[in-house]
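**Student:** Give me coordinates for this.
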Amino acid sequence: MANPIVAIIGSPNVGKSTIFNRILGFRHSIIDDEAGITRDRIYGKAVWIDKTFTIIDTGGVEVENRPFQEQIRMQVQMAIDEADIIVFIVDGKLGVTNDDRMVAKMLYKIDKPIILAVNKIDDSLELGRMSEFYKLGLGEPLAVSGAHGIGIGDMLDKIISQLPAQEEEHFEESITFSLIGRPNVGKSSLMNALLNNERVIVSEISGTTRDAVDTPFEKNGKKYVAIDTAGLRKRGKIYEAIDKYAALRALSAIERSEIVLLLINAEEGIREQDKNIVSYAVDANKAIIIVVNKWDTIKKDQSTMDNYTKLIRAHFQFLDFAPIVYVSAKNKTRIEKIFKAIEFVHEAYNKRIPTNVLNEIFQDAQMMNEAPNFNGGRLKIYFANQVDVAPPTFVLFVNNPKFIHFSYRRYLENRLRDSFNFEGTPIRFVLRPKT
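**Tutor:** Numbers count the residues shown, from 1 in each chain. Here you go, the predicted structure:
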């Protein structure tokens, strides 16, 4: 199921990014005293008590038409549209500004929970300034200090108390997948080709969040659920042209999928936005398949596909485990290869390795290639155990987790991949000291 979304909005330099980072617990946004430094939304997964939600940090909205302001206003409006809860940050030291009034007008039109947080109330002597913010007409203001952490817990309590109820999704014995990609790569066409290719479409079920559409269907005796990017068929084309908005639209679909299909336009080649969008699937530890669409438009010889594959591998070195499929959604050619890829990637994503076999592999790996001396010591693996699937997750009991070099972690992963079919799936290692 997709996490609820909380958007932090406000005028420039009121401390939105400081509060965003305080909630996440680390410096994720770029923070600078220069007003307007956060121009693009930044996303993070936040946890408070027993609730998990996605939080969005946005650029500052202001009346004055500074550079990028039109784009920022549009992005903030998009974030408001997608969010379940809005946290409106204002500056307690400045009082109510014209920029605050402009943001408030944007919020009067929506029917969603709004939390008005007055930042920079660093001690009790400044609480007298709170009354001024009632004039914004957005309810009782909450005093916080992002810099010192004061009131952040109360704000989080208020957020989780207003999160929408989440319904468990039950797709028993079905493979769930979604399509992501930048604008005009053919996502809608490919989704239609996948679905129209089937004789049996069971039904269309409205998703629990933000207009996502789930389409269960059967193919060759197997059950699938195609999770469409939220709102893509309705209004996605309007907003999707804005760089990075496609990532927000894809976020809910990614979280609710087992397998993510990254669609690339063969005519246009690989763009930086392709990497930005798929990074969310990587962060979510999803299985990934790279699908090159509009392959019919490319002039080919015997080496065309090999050369294009090498190009993809060069640009997506972090996705060297992902299979690549070449298709034409328009002509509905090679669509069957997508289903074959989904099937074997799903098997890899849920694969379990017997403990005795797993330990033999790691012992052999250490004998063949001893770990390098790193951080004052050399890694020694005593025992390994698989604790989870989707993705396959392995706990390694070692002498000291700090001794592992990233290159040796990569080496161990490759040994596993050489021994078993893990194509399409990430592999997670959790290192714990042997007690």
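
**Student:** Distance-wise, check the closest residue to residue 351 other than its chain neighbours relative to residue 317.
**Tutor:** Distance criterion Cβ to Cβ, 6 or more residues apart in numbering; nearest residue to residue 351, sequence neighbours excluded, is residue 392 at 5.8 Å. All C-beta atoms are positioned from the backbone trio N, CA, C, and that covers glycine. Applying Cβ to Cβ, to the nearest Å, the value for residue 392 to residue 317 is 21 Å.

**Student:** Compute the number of surrounding residues for residue 256.
**Tutor:** Residues near residue 256, counting by other Cβ atoms under 10 Å, number 22.

**Student:** State the number of residues packed around residue 334.
**Tutor:** 16.

**Student:** no no, residue 270
**Tutor:** Applying other Cβ under 10 Å, we find 18 other residues in the vicinity of residue 270.

**Student:** is it true that it lies in a strand?
**Tutor:** No: assessed with DSSP: H, G, I helix; E, B strand; the rest coil, residue 270 is coil; it does not lie in a strand.

**Student:** Enumerate every residue touching the closest residue to it other than its chain neighbours.
**Tutor:** Setting aside the residues directly before and after it, residue 270 is nearest to residue 315 in space (Cβ to Cβ, 6+ apart), at 4.7 Å. Residues near residue 315 by Cβ atoms under 8 Å, 6 or more residues apart in numbering: 270, 274, 275.

**Student:** show me where pLDDT drops low in the stretch 151-300 of the chain?
**Tutor:** Along the stretch 151-300 of the chain, segments meeting pLDDT under 70 span 167-170, 197-213, 228-249.

**Student:** all helices of it, in order?
**Tutor:** Counting by DSSP state H, counting those that start in this stretch, the stretch 151-300 of the chain has helices at residues 152-161, 187-196, 236-240, 245-255, 272-283.

**Student:** Distance of residue 185 relative to residue 426?
**Tutor:** 23 Å.

**Student:** These two - which one has more neighbours?
**Tutor:** Neighbours were counted for residue 185 and for residue 426 using other Cβ under 10 Å; residue 185 has more, 28 against 21.

**Student:** My guess is the more buried one contacts residue 265. True?
**Tutor:** Yes: here residue 185 lies in contact with residue 265, judged by Cβ atoms under 8 Å, at a distance of 4.3 Å.

**Student:** Overlap in contacts, those two.
**Tutor:** Joint contacts of residue 185 and residue 265 (Cβ under 8 Å, 6+ apart) are residue 293.

**Student:** Name the residues of stretch 163-179 that are buried.
**Tutor:** Neighbour-count burial for stretch 163-179, counted by 16 or more other Cβ atoms under 10 Å, picks out 163, 171, 174, 175, 176, 177, 178, 179.

**Student:** what's the domain layout of this structure?
**Tutor:** Domain ranges of the chain: 5-161, 174-349, 355-433, per automatic domain parsing.

**Student:** Quick check: end-to-end length of the longest one?
**Tutor:** Going back to what we said before, that points to domain 174-349. By Cα to Cα, to the nearest Å, the extent of domain 174-349 from end to end equals 14 Å.

**Student:** again, but for the shortest one
**Tutor:** Between the opening and closing residues of domain 355-433 we find a distance of 18 Å, counting by Cα to Cα.

**Student:** Stretch 163-171 now?
**Tutor:** Start-to-end, stretch 163-171 (Cα to Cα) is 24 Å.

**Student:** circling back to that earlier point, can you pick out the most distant pair from the buried residues of stretch 163-179?
**Tutor:** Maximum pairwise distance in these, criterion Cβ to Cβ, is 28.8 Å, between 163 and 175.
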